[in-house]
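Engineer: Any chance you could fold what I've pasted below:
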Amino acid sequence: MVIRNLQSELLRLSERWQVISVTGPRQSGKTTLCKMTFPNYAYVNFEHIPTRDKVLQDIDAFLDQYKDGLIIDEAQHIPQIFSYIQVRVDADKSLKYVLSGSSDFLMMQGITQSLAGRVVVRRLLPLSLSEVKAINPYSTDELLVRGFYPSIWGDGRDPQDVYESYYETYLDRDVRQIINVQNVTAFRRFVTLLASRIGSEFNAQDMSKSVGVSNQTISNWMAILETSYTAFRLQPYYKNIGKRLVKTPKVYFYDTGLVCWLLGITSAEDVAKHPMRGALFENMIVVEKLKQCFNQGKPSNIFFYRDQSQNEVDIIQENGLKIEAYEIKSASNYNTDFLSTIRYLEKIMPQTIVRSAVIYDGTEEKDTLVDGVYHYRTIFE
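Structural biologist: Numbers count the residues shown, from 1 in each chain. Coordinates of the predicted model:
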């Protein structure tokens, strides 16, 4: 059993908050985390239809049973329960609830309508590099193709089976139902095409031509993939830079294993030879930065930099008025040219960059004040 990095944050919050919400993609380990963090709390799962039907008969009577802490899994299935919890926590400061769900849109809709100001929200993504290291030794190519879902590393399930199940039972069913997708073939073509463009700019018009649907449909589908924690758009950093920046976001997936499955990459050997290995490595590092933010209870503060002269830095991490700059390289051997764009950025943004580094797939590590070179496992672990 892996101790998740978010656990200490949840324990800290429980000292001051009566209601905690944990959201994130399906199968990312939310239920296990909540049970491990609050072992004395009762647990119910609203995904279970008979349980749901019984609760709906009398929500007050249901909640009356639990005075010593309650974890409600997939709470969004009974959205009216948020109002009942609001009344209870206002009347009794000793009550504690943990609300978990995999539909961020429905969870947040219920929270903002009934529990605003009374609940704190945290997001759990699949395993981080340090969490995977606690389970099993690994190679970079194995990480990229296996992805980071707990059932793969902890339960020994075959990644191909896990991602086929994830797609067929979640993306192909739940997501399509939410947006009422009529053209199943076009939707799958869109998801696969998006996977082939990780690390690239998101262009709805170009994708609409390739998929054969309207620009608005592409935008709607992308928004749903974001709220379901499947893919996301990384925004460009433009503060104090102005017109020099390209303001189109880049697209990434929350898990490289799903990308590999969509693209037919089935083994570490395939990854090593695949032309998308560099993009997959970049995707993994960008998401790892997101995991760091979320596991510390912070919102995302990462961007990328690219100007009209095509000078690009992969990650800009904003901390107040200061930033950190990271260049990502999938090469296993270090080259001094890796630092060129960071040095360029340091010249045009003097006194702003407080830390810079190259994150690459090698073993050589140097002081950031001298060369700014980090093996990626060291910088994240």
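Engineer: Glu318 should be in a strand, yeah?
Structural biologist: Yes. Secondary structure of Glu318 (DSSP: H, G, I helix; E, B strand; the rest coil): part of a strand.
Engineer: Tell me where the stretch 1-150 of the chain has helices.
Structural biologist: Here the stretch 1-150 of the chain has its helices, by DSSP state H, counting those that start in this stretch, at 7-14, 30-37, 49-57, 59-64, 81-91, 104-114, 129-133, 140-146, 150-153.
Engineer: Next, the buried residues of the next helix-or-strand element following the last one.
Structural biologist: Toward the C-terminal end, the helix or strand that comes next after helix 150-153 (DSSP states H and E) is helix 159-166. Neighbour counts over helix 159-166 (16 or more other C-beta atoms under 10 Å) mark Pro159, Val162, Tyr163, Tyr166 as buried. Backbone N, C-alpha and C define where each C-beta goes, glycine included.
Engineer: Just the pLDDT at the second one, thanks.
Structural biologist: Model confidence at Val162, given as pLDDT, is 94.
Engineer: quick one, what contacts it?
Structural biologist: Gln27, Gly147, Tyr149, Ser151, Ile152, Gly257 (C-beta atoms under 8 Å, 6 or more residues apart in numbering).
Engineer: quick one on the thing from earlier: wait, which of the helices of the stretch 1-150 of the chain is closest to Val354?
Structural biologist: Closest to Val354 of the helices of the stretch 1-150 of the chain, according to C-beta to C-beta: helix 129-133, at 23.2 Å.
Engineer: which residues sit in contact with Thr256?
Structural biologist: Going by C-beta under 8 Å, 6+ apart, Thr256 touches Leu143, Leu144, Val145, Gly147, Phe148, Leu280, Asn283, Met284, Val287.
Engineer: Number of residues surrounding Met36?
Structural biologist: By the criterion of other C-beta atoms under 10 Å, Met36 has 15 neighbours.
Engineer: just to revisit the earlier point, which two among the buried residues of helix 159-166 are spaced furthest apart?
Structural biologist: Longest distance between any two of the buried residues of helix 159-166 is 10.1 Å, between Pro159 and Tyr166; criterion C-beta to C-beta.
Engineer: what domains does the record give for the chain?
Structural biologist: 7-124, 130-380 (automatic domain parsing).
Engineer: Could I get the ones you listed in JSON lines, plus columns for distance to Met1?
Structural biologist: Below are the domains of the chain laid out as JSON lines (distance: least, C-beta to C-beta, whole Å):
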{"stretch": "domain 7-124", "distance to Met1": "7"}
{"stretch": "domain 130-380", "distance to Met1": "8"}
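Engineer: And these, which one averages the lowest pLDDT?
Structural biologist: Among the domains of the chain, domain 130-380 scores lowest, at a mean of 87.
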